[in-house]
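Colleague: Here's my sequence, what's the structure:
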Amino acid sequence: MIIESTSPPIAIVDSHIHIFPQTHLSTLAWHTPDNPLGTQHSVDQYRSAALSAPTESSSSPSSTFLRGFIFVETDRLSSVDESESPGWKHVLDEVAFLVRVARGAPLPGEGHRPEDKGLCVGIVPWAPVPAGPETLERYMGLVKERTEIDEVWRKDRFIQGLKWLWKKGLTFDLGVDARSGGLWQLREAVEMMRKVYEDASDDEGLVIVINHLCKPNLRLPYTSRESITSHPEFIEWSSLIRTMSTCPRTYIKLSGAFSELPSLSPNAEPDIDSLVERLGPWTDTVFEAFGSGRIMFGSDWPVCNVGGGGNAVSWRRWRAIVEGVIQRKGLTREQMRDVWGGVAVKAYGIEL
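Modeller: Down below sits the predicted model:
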């Protein structure tokens with residue numbers, strides 16, 4: 001597709017990143033000294049990873065620019081019951097950190113600058129949803145105290161908690177790991193969604209944003225497209241994805257693939273076209289089910305560094321793959337705007 005140089009650039013809203021300063025590493029539930037992500041990954045490092053995407057103030061003629069990102073919680077040490085150790089301290093500290101990023105008020109060593117405050121356009125925090133509405137009310141009150149913003153996230157136990165989010169007009173991020181965790185997670189997610197939407201009409205109900213294509217098994221032996229589309233795992237994954245898409249209030253993130261594919265070398269550049277082709281059965285299913293109006297770009301930075309070749313190249317490589325997917329699907333410019341940022345802004349209710 002040829003785009004005239006007079007066309008305004010398309011804004012990228014990265015719908016899924018994680019950031020954390022060095023001083024918070026000990027509060028991350030997954031942190032170990034030898035973990036490949038066990039160093040500071042804050043806005044400075046993210047900006048470096050995304051350097052190939054100019055910011056809005058850049059004079060680059062690129063057809064896209066990085067407008068901002070949506071932060072997703074980083075799995076802090078926590079407990080659903082506030083009274084049990086470790087309680088809510090670390091997750092509320094994470095909220096406070098993100099508020100400092102969004103306000104451009106860094107503490108020394110946190111890895112962000114005052115001029116970065118425009119990049120953080122949304123936050124998806126941890127919340128004790130399984131504890132039900134009363135606990136959620138108390139928790140969100142504490143979040144509100146940390147943010148000093150009138151309305152931020154609000155949203156039977158678990159199902160009642162989700163419906164509480166719906167009633168509060170909030171968006172819920174759904175994480176499913178079909179490859180590592182098993183397809184049963186996807187089956188249970190579909191059943192959970194049925195219960196959440198059982199009393200809702202087509203134009204109402206909780207907005208659910210599905211992360212990372214539900215982490216499908218992208219390591220299935222690939223010899224041809226048919227070798228994937230005829231595989232039982234793919235057949236069940238695709239069927240469940242289509243079922244998820246039947247509610248118009250669900251969205252899905254085009255993200256998270258590098259940690260599911262065989263790892264890429266940090267040195268030799270990968271064949272982007274072949275990766276786009278390899279992902280074709282999966283991305284075709286998602287586009288056919290959800291349409292470009294409910295699919296959003298997400299980098300999953302810095303997790304994408306682990307399989308994508310490292311911080312210097314992985315963000316750029318994933319953007320190139322998404323560009324290839326978009327070109328393969330023959331999207332219009334308006335549809336491209338949706339995938340790169342418009343859908344994320346709509347799903348999360350963000351005003352830019």
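Colleague: just checking, residue 94 touches residue 125?
Modeller: Yes: judged on CB atoms under 8 Å, residue 94 makes contact with residue 125 at a distance of 7.0 Å. Bear in mind the C-beta positions are built from the backbone N, C-alpha and C, glycine included.
Colleague: which parts of the lengthiest helix in the chain are buried?
Modeller: Assignment by DSSP state H gives helix 272-290 as the longest helix of the chain. Residues 275-276, 278-287, 289-290 are the ones in helix 272-290 that count as buried (16 or more other CB atoms under 10 Å).
Colleague: tell me what the helix or strand following that helix is packed against?
Modeller: Next in sequence after helix 272-290, counting helices and strands by DSSP states H and E, comes strand 295-297. Contact analysis of strand 295-297 by 3 or more CB pairs under 8 Å, 6 or more residues apart in numbering; DSSP states H and E lists strand 10-17, strand 250-254, helix 343-348 as its packing neighbours.
Colleague: After strand 295-297, which helix or strand is next?
Modeller: Next element after strand 295-297 (DSSP H and E): helix 303-308.
Colleague: For that following helix, which outside residues touch it?
Modeller: If you take CB atoms under 8 Å, 6 or more residues apart in numbering as the criterion, helix 303-308 is touched by 18, 36-37, 49, 256, 258-264, 311, 314-315, 317-318.
Colleague: Could you write me a ChimeraX select line covering just the buried ones among these?
Modeller: Filtering the contacts of helix 303-308 down to the buried ones (16+ other CB under 10 Å) takes a single ChimeraX command:
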select :18,37,49,256,258,259,260,261,264,311,314,315,317,318
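Colleague: now, which of the contacts of helix 303-308 lie within helices?
Modeller: Those of these mapping onto helices are 49, 314-315, 317-318, per DSSP H.
Colleague: Would you format those as JSON lines with pLDDT included?
Modeller: Formatted as JSON lines, those follow (pLDDT from 0 to 100):
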{"residue": "49", "pLDDT": "91"}
{"residue": "314", "pLDDT": "97"}
{"residue": "315", "pLDDT": "97"}
{"residue": "317", "pLDDT": "97"}
{"residue": "318", "pLDDT": "98"}
